[in-house]
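> Need the 3D shape of this:
(2 chains)
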2 protein chains.
Amino acid sequence: MSFESLWADQSAIGRNPETGGYTRGGWTPTEREATHWFLDQCAARGLAVESDGIGNLIAWWGASDGPGVVTGSHLDSVIDGGAFDGPLGVVSALAAIDRLRAEGFEPSVPLGVGAFVEEEGSRFGMPCLGSRVAAGVLSAEKALALTDRAGVPLALALEQAGIDPAGVGPSPLLQRMGTFVELHVEQGRGLTAPVGVASSIWPHGRFRFTFGGEANHAGTTLMEDRHDPMLTYAMTALAANKQARLAGARATFGRISVEPNGTNAVPSQVTAWLDARAADTATLELLLAAITKQATERAERDGTTLEVTPESVSPIVNFPTGLRDRLVGVLDGAPVLPTGAGHDAGVFSDAGIPTAMLFVRNPTGISHSPAEYAEQDDCLAGVEALAAVLKDLAK
Amino acid sequence: MSFESLWADQSAIGRNPETGGYTRGGWTPTEREATHWFLDQCAARGLAVESDGIGNLIAWWGASDGPGVVTGSHLDSVIDGGAFDGPLGVVSALAAIDRLRAEGFEPSVPLGVGAFVEEEGSRFGMPCLGSRVAAGVLSAEKALALTDRAGVPLALALEQAGIDPAGVGPSPLLQRMGTFVELHVEQGRGLTAPVGVASSIWPHGRFRFTFGGEANHAGTTLMEDRHDPMLTYAMTALAANKQARLAGARATFGRISVEPNGTNAVPSQVTAWLDARAADTATLELLLAAITKQATERAERDGTTLEVTPESVSPIVNFPTGLRDRLVGVLDGAPVLPTGAGHDAGVFSDAGIPTAMLFVRNPTGISHSPAEYAEQDDCLAGVEALAAVLKDLAK
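Residues are numbered from 1 along each chain as shown, chains lettered A, B, ... in the order given. Have a look, this model is predicted:
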């Protein structure tokens, strides 16, 4: 089946006609619909699908045991995200397999297509949830303690998707991943060729900033009598932006929750989540320290309190240079670049699986947005590159 | 029945044991429970209750027609509000009636106890919703077009409370309000005597600030490539605080809504509500202009957009000086003070009903918060003052 028709098919699932975006949180109806589409595609190709206790999937072409070469990505999305982030890697994997079979290629090891759950963490707040649990870096106990914004525990979400939560834990699927290659749309403007190869993933932290103040009447409370946590937050959001610019790093407050969130009440509490990333761990730590310092000073001025809680901190991932150079060789000297975005590939690489990533050019650099876009010719170049890489690794 | 036992009874209804606060949006189960308590109290006293099409109530002691003297307040609350704001006026009214009856006082005109719905606007976003509709300053059409945050239309909320929405409109109850006196807890620290009399209500506006930007990936988008509406909002919140201080006015951003509100996405849109109040209309207009100017300048820098929409703007209410001075006379020269808080009394005054307000001291000035508090002795002084005023007005 051609990439074009696979893509048209898949990208129709759960598209919001108003925004053009996708909201596919892990185990939600729209994400399940995309997953069922994937299973149908695997069945149509006679691929044998293996799943693990949290719902990660690998569909195998070839021998039913022994380690193989796995490619793939994820089908979930951020809230109102774009079409490419995740699905491009899964659809390109199916298209590459179709291409290799049409060519009559016979792999010497099994080739697998993986779809890993809740990579974005948009539902349960933990990025790469499926791969982290599979790799045993997040315990079943901690994973099952997660709840979504509506208060639904992970166990219930799994049950509602027909998955027994008792099975959550390190995954046998990983024993069969001899090599992992994830194709992904680039998420910045750093790639000027159609296809590139990843060098590393920037270290990345999510920190919860809890600003505490005193609820009060917005009309009657003198400005000087207030302990308004919104002001402390506002200064912190501006400080984060400034410090990230100074450090050549990234800092974003994109999520906020206000109590009581009433028009005529000074808030009692503002909770805001800082997403911070930098090229190396030292820079990331200095960035967080600089933002926290300015926030703390402002909290003293405002008579508010501040608590900073790390929700997830991922160190730098340096993909193995041998595998990387092999891909560059196959792809006639494709450019090598780092990324600021986290990926399941980073989790698998940290777990000791030889891992590489291919990027497809993003002409605008826009991602995590309905406006995310890649040219069709670049997507086709991505499929061709992935097929060439799989052929080389499984020859 | 004593004020103390009435108060203990009423303030047990819907109290959140965790915060100590109350969330009684209009026509919600907790607000209905408080309303039923009020109806039971009226029945126990043999007061004849009249209601109007939106659910405002007046319970009459005395003749069944002709204009009378009405006191009372509201039973709804802000989200996680205090015990006193609203209920103190209703409970004090019942206690004052009990006191006058125990004394054997015979009013020459009917005395009414009113409870007006959705005064805070915490559910449908429109303060003084019940009194505005009753007075005809908010049309039935506009009122019925309101929806709460969950998307429930006012008509459905009314139906769920057993009220036919077809009756929403100007209220015949107002024909019988010859005079209105609202007792209310003071909401700032401006009152140092136990009881005071209102001079005016500051002009007050609620303005919706919609900051538009471009959703993007928090990890990969260069800081200089972003159009982040959170930054424009943050600067605007700080500007509002500064400008209000400079103007001796009040400006608060207490409510915010972020799209898509994901940790790893630069927001596409931030909507925030400005509550602004000042001693006079000119100051309020200058304050809004100064905040809007700074916000617009920052939006240009951030490459974001800004739209400012007034949701409700109330001009100054000057209570009639004759009635005010009569109350001051009855209360042995009680202090006279303005308030920054809106009240149904302001709507009724604007509607041409001779209206006055009594304030009970608030030692901390905290209001719209579970920490809102008034000393019991001051509450008892309030009941005594209200009884004296009613006796004078209905003698």
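
> in chain A, which helix or strand is least confident?
strand A:216-217 (a mean of 91; mean pLDDT, DSSP states H and E).

> What strands line up against it, and which way round?
strand A:265-266 (antiparallel) (DSSP bridges).

> and the next element down the chain from the partner strand?
Counting by DSSP states H and E, the next helix or strand C-terminal to strand A:265-266 is strand A:269-277.

> So chain A: which segments form each domain?
Chain A breaks down into these domains under automatic domain parsing: A:3-202+A:316-393, A:204-314.

> Report the contact partners of A:Val317.
Applying CB atoms under 8 Å, 6 or more residues apart in numbering or on different chains, we find A:Val317 in contact with A:Ser200, A:Ile201, A:Ala345, A:Gly346, A:Ser349, A:Asp350. In short, each C-beta sits where N, CA and C put it, glycine included.

> I'd like the list of the residues you listed that fall within helices, please.
A:Ala345, A:Gly346, A:Ser349, A:Asp350 (DSSP state H).

> Identify, from these, the entry nearest to chain B.
The closest of those to chain B turns out to be A:Gly346 (CB to the nearest CB; 11.6 Å).

> residue boundaries of the helices in the stretch 201-350 of chain A?
A:229-247, A:281-302, A:321-330, A:344-350 (DSSP state H, counting those that start in this stretch).

> now those as a markdown table including distance to A:Ala115 and mean neighbour count?
Shown next, in a markdown table, are those (distance: least, CB to CB, whole Å; neighbours: other CB atoms under 10 Å in any protein chain shown):
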| stretch | distance to A:Ala115 | mean neighbour count |
| --- | --- | --- |
| helix A:229-247 | 33 | 23 |
| helix A:281-302 | 30 | 17 |
| helix A:321-330 | 22 | 16 |
| helix A:344-350 | 10 | 26 |
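
> Can you tell me which of the ones you listed is nearest to chain B?
Here helix A:229-247 is closest among the helices of the stretch 201-350 of chain A (CB to the nearest CB), at 4.0 Å.

> What is that closest one packed up against?
strand A:204-212, strand A:250-259, strand A:269-277, helix A:281-302, helix B:229-247, strand B:250-259 (3 or more CB pairs under 8 Å, 6 or more residues apart in numbering or on different chains; DSSP states H and E).

> Dump these into JSON lines; add distance to B:Leu156 as well.
Converted to JSON lines, the helices and strands packed on helix A:229-247 look like this (distance: least, CB to CB, whole Å):
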{"stretch": "strand A:204-212", "distance to B:Leu156": "36"}
{"stretch": "strand A:250-259", "distance to B:Leu156": "26"}
{"stretch": "strand A:269-277", "distance to B:Leu156": "31"}
{"stretch": "helix A:281-302", "distance to B:Leu156": "40"}
{"stretch": "helix B:229-247", "distance to B:Leu156": "32"}
{"stretch": "strand B:250-259", "distance to B:Leu156": "22"}
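
> Throw those into JSON lines and include mean pLDDT and distance to A:Phe319, thanks.
Listed next are the helices and strands packed on helix A:229-247 as JSON lines, based on pLDDT from 0 to 100; distance: least, CB to CB, whole Å:
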{"stretch": "strand A:204-212", "mean pLDDT": "96", "distance to A:Phe319": "15"}
{"stretch": "strand A:250-259", "mean pLDDT": "97", "distance to A:Phe319": "20"}
{"stretch": "strand A:269-277", "mean pLDDT": "97", "distance to A:Phe319": "17"}
{"stretch": "helix A:281-302", "mean pLDDT": "97", "distance to A:Phe319": "17"}
{"stretch": "helix B:229-247", "mean pLDDT": "98", "distance to A:Phe319": "32"}
{"stretch": "strand B:250-259", "mean pLDDT": "97", "distance to A:Phe319": "34"}
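
> of all the ones you listed, which lies closest to A:Pro170?
strand A:204-212 (22.8 Å; CB to CB).

> Who are the packing partners of the closest one?
helix A:229-247, strand A:269-277, helix A:281-302, strand A:305-314.

> One more pass at 6 Å, please.
With contacts taken as 3 or more CB pairs under 6 Å, 6 or more residues apart in numbering or on different chains; DSSP states H and E, strand A:204-212 sits against helix A:229-247, strand A:269-277, strand A:305-314.
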